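> 3D model of this:
(4 chains, ligands or ions: 2)
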2 protein chains.
Amino acid sequence: MFSKSCEYAIKVMAFIAFRQAKSKELIGLDPISEAIDSPKAFTAKILQQLTKAELLKSVRGRTGGFYLDQNREIVIADIVRAIDGSKILDGCLLGFGECQDENPCVLHHQIKKERSSLKNRLNSTDIYTIAKRVSRKKAYFKE
Amino acid sequence: MFSKSCEYAIKVMAFIAFRQAKSKELIGLDPISEAIDSPKAFTAKILQQLTKAELLKSVRGRTGGFYLDQNREIVIADIVRAIDGSKILDGCLLGFGECQDENPCVLHHQIKKERSSLKNRLNSTDIYTIAKRVSRKKAYFKE
DNA sequence: GGATTTAAGGATATTTATATCTTTTATATA
DNA sequence: TATATAAAAGATATAAATATCCTTAAATCC
Ligand code: FES
Ligand code: FES
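Numbering: from 1, shown residues only, chains lettered A, B, ... in the order given. Ligands and ions are numbered 1, 2, ... in the order given. Next comes the predicted model:
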């Protein structure tokens, strides 16, 4: 469903939210990719994308690293849109440009409701909620 | 969500079901790829896969073509499994091998219900139901 | 100021998905 | 039996996603 990049991105954001709940220190690439079990160089690129999309802040140099702007609420859908684009949430499942009720594809009517509730869920789940579940050992970053 | 191959496959199956409701004649590659607006050579490969997976029957030679075994009910999930594999329906969204309640990923709890109802829907929608919608001009194969 | 650390940026490599082309095999019909 | 037709099978080609590597820029520490 999501691209590999997007999978990593969701884990990255959830992990940083989780870590910042405990300590305000910046977090570097190494501990991040270690924690979510992702290839380091590739994860660096994703961190870059997230920073460019302003979902994440970064500081260069010796004591540098990544952190979240605590004031801002970030939901899963924000991350998905930043990495995979909006097509995955709003586009037609069978490749028609946009998913809409006029000129619907053969799957449209069948999965419309289910898709919409999935989308709503991604739009309403923020990363701090997820971070709390991790703290309570109800969710994990790697197998 | 689905691969391009899978998108075409769903359309192929729905189209053949639709055509067979009107006439029992075999249908060839050309009218199929024309109807669903897909690249011909690539569509041939998908038809091959569907035939190997026994979702579709084929006849070679002069009056050859493709047809469906009318006795058998085929649901969208069958097609998805044949082309994209079961990972897309049963695997973890964030790349854990399997989606299950022990050792859940950070998205698991959030989207479990929504995903499950989507899966149920794909498991219960058969291609003849879709074909009927097409007949009533409530769904289309191409934009 | 020079050395060290860390993210950003750019270039490249590898793998997978998408797509096409050519040859072979099966079937019907003239 | 020869010919035409259509799917199967195999070989390539192209594009996109995934992944790594190397250099540059910013910040800290000595
Ligand atoms: S038009 Fe295809 S999913 Fe809505
Ligand atoms: S374990 Fe990841 S979606 Fe269920």
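
> Need the per-residue pLDDT for A:Lys24.
Note for A:Lys24: predicted pLDDT of 93.

> Over to A:Glu7?
98.

> Am I right that it sits in a strand?
No - read with DSSP: H, G, I helix; E, B strand; the rest coil, A:Glu7 is helix and lies in no strand.

> what residues are up against it?
Counting by Cβ atoms under 8 Å, 6 or more residues apart in numbering or on different chains, A:Glu7 makes contact with B:Leu93, B:Leu94, B:Gly95. C-betas here are computed from N, CA, C, even on glycine.

> Compare these and tell me which is most surrounded.
Using other Cβ atoms under 10 Å in any protein chain shown as the neighbour test, the contacts of A:Glu7 are led by B:Leu94, with 25 neighbours.

> Next one: that one from A:Glu7, what distance?
From B:Leu94 across to A:Glu7, the span is 5 Å (Cβ to Cβ, to the nearest Å).

> in chain A, which spans are helices?
Counting by DSSP state H, chain A has helices at residues A:4-22, A:29-36, A:40-52, A:76-84, A:87-90, A:108-124, A:127-135.

> what's the angle between the fourth one and helix B:108-124?
Spelled out, it's helix A:76-84. 70 degrees (axes from the mean of the first three to the mean of the last three Cα atoms, to 10 degrees).

> From the contact counts, what lies against helix A:76-84?
For helix A:76-84, the packing partners by 3 or more Cβ pairs under 8 Å, 6 or more residues apart in numbering or on different chains; DSSP states H and E come out as helix A:4-22, helix A:40-52, helix A:87-90, helix A:108-124, helix A:127-135.

> and stretch A:100-117, which residues are buried?
Neighbour-count burial for stretch A:100-117, with 16 or more other Cβ atoms under 10 Å in any protein chain shown as criterion, is recorded at A:Pro104, A:Cys105, A:Val106, A:Leu107, A:His108, A:His109, A:Gln110, A:Ile111, A:Glu114, A:Arg115.

> Give the bridge partners for A:Val75, please.
A:Asp126 (DSSP bridges).

> Now do the contacts for it.
With Cβ under 8 Å, 6+ apart, A:Val75 has these contacts: A:Leu122, A:Asn123, A:Ser124, A:Thr125, A:Asp126, A:Ile127.

> gap between the fifth one and A:Asn71?
A:Asp126 sits 13 Å away from A:Asn71, taking Cβ to Cβ as the criterion.

> Those two: which has the busier surroundings?
Per other Cβ under 10 Å, whichever of A:Asp126 and A:Asn71 has more neighbours is A:Asp126, with 17 against 5.

> if I pick that one, what's in contact with it?
Here A:Asp126 is in contact with A:Glu73, A:Ile74, A:Val75, A:Ile76 (Cβ under 8 Å, 6+ apart).

> which one of those has the most neighbours?
A:Ile76 (26 neighbours).

> count of neighbours near A:Ile83?
Count around A:Ile83 with other Cβ under 10 Å applied: 22.

> Could you say which one of the helices of chain A comes nearest to ligand 2?
With respect to ligand 2, and counting by Cβ to the nearest ligand atom, the nearest of these is helix A:4-22 at 9.5 Å.

> can you tell me if that closest one touches DNA strand D.
Yes - applying Cβ under 7 Å from any atom of the strand, one finds that helix A:4-22 is in contact with DNA strand D at A:Lys4, A:Ser5.

> anything in that helix near DNA strand C?
No - using Cβ under 7 Å from any atom of the strand, helix A:4-22 stays clear of DNA strand C, coming no nearer than 9.8 Å.

> That helix to helix A:29-36, inter-axis angle?
For helix A:4-22 against helix A:29-36, the angle by the same axes, to 10 degrees is 100 degrees.

> Please state the offset of helix A:4-22 from the chain centre?
Offset of helix A:4-22 from its chain centre (Cα atoms, centre = their mean, to the nearest Å): 7 Å.

> Any part of that helix near ligand 2?
No - for helix A:4-22 and ligand 2, the contact criterion (Cβ under 6 Å from any ligand atom) is not met; the two come no nearer than 9.5 Å.

> what about the closest residue in space to A:Val134 that isn't next to it in sequence, how many residues close to it?
The shortest distance from A:Val134 to any non-neighbouring residue, by Cβ to Cβ, 6 or more residues apart in numbering or on different chains, is to A:Phe18 (4.8 Å). Counted with other Cβ under 10 Å, the neighbours of A:Phe18 add up to 21.

> again with A:Asn120
12.

> Tell me the spacing between A:Gln70 and DNA strand D.
Plainly put, A:Gln70 is 20 Å away from DNA strand D if you go by Cβ to the nearest atom of the strand, to the nearest Å.
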